[in-house]
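Enquirer: Sequence plus the predicted model coming up.
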Amino acid sequence: MVVLVEPVASYFEQLQATYSGLTTVRLENVAIAEAEGERDLFRLGVNPVDHGQPEWLAQLGSLRRDRMTELWSRYEQELFDREGRTDDLRGFWHAHQVIERVRCLTIHQLMERHGIAQLDLLQMDAEGYDYSILKTIDFALTRPHFINYERVLLHDDEPACRAMLTAAGYALFDWGQDTLCVAVDQLDRNKGLRA
């Protein structure tokens, strides 16, 4: 079974249309956070393509208010400066930002709701909020075989996140902007399966 989580109502409707009829896919119109309740989600309120802007700007929604300030300055702006780009994408984002109230659940509540005892893969891209979510996992009770999270926006939290996952028994492999964490017992179990 696959559970897909999307807090933005319009994107959730797209997920429903895409996966309708697939009995092995379940959908939740929530955000994952450290506590149940409602939170502010900061996101772009227009289709950026309609304004001549790159489509990926619409993917930058986050529970972190500083996603388009401090985190932008420390990642995207540095990248733009290196590439010699002068786009004012952050200005566009702020001019068209909306703050939307979204329902939140914890990972454990999501698992309970769907009767999930074991996670094979936890795929995350929470725009700088990944570590906050990962800290809520009790690895003695819930031990995903694989975790993939977006590393590049963690900045000062990245060493603590890596240390926590290593201490929980994961081998970490950086690739692109992400880190793949593989439970060491999974590596040991599959040693003989490599070609």
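Expert: Thanks, I have it.

Enquirer: low pLDDT regions in this structure?
Expert: With pLDDT under 70 as the threshold, the chain has low-confidence stretches at 71, 74-75, 77-80, 82-86, 187-195.

Enquirer: for it, what spans make up the helices?
Expert: Taking DSSP state H as the test, the helices found in the chain are 9-19, 70-74, 76-83, 89-95, 107-113, 130-134, 158-167, 184-189.

Enquirer: For the residue most central in space within the chain, list the residues it contacts.
Expert: For the chain, the residue nearest the mean C-alpha position is D125 (1.9 Å; Cα atoms, centre = their mean). For D125, the residues meeting the contact criterion (Cβ atoms under 8 Å, 6 or more residues apart in numbering) are Y149, E150, D178. C-beta here means a position set from N, CA and C on the backbone, and glycine is covered the same way.

Enquirer: Can you give the domain ranges for the protein?
Expert: Partitioning the chain according to automatic domain parsing yields domains covering residues 42-96, 118-195.

Enquirer: Quick one: distance of the shortest one to the chain centre.
Expert: When you say that, I think you mean domain 42-96. Once both centres are worked out by Cα atoms, centre = their mean, to the nearest Å, domain 42-96 turns out to sit 17 Å from its chain's centre.

Enquirer: okay, how far is it across that domain, tip to tip?
Expert: Terminal residues of domain 42-96 lie 11 Å apart, using Cα to Cα, to the nearest Å.

Enquirer: Out of the domains of the chain, flag the one nearest T23.
Expert: domain 118-195 (17.8 Å; Cβ to Cβ).

Enquirer: For L110, find the nearest of the domains of the chain.
Expert: domain 118-195 (9.9 Å).
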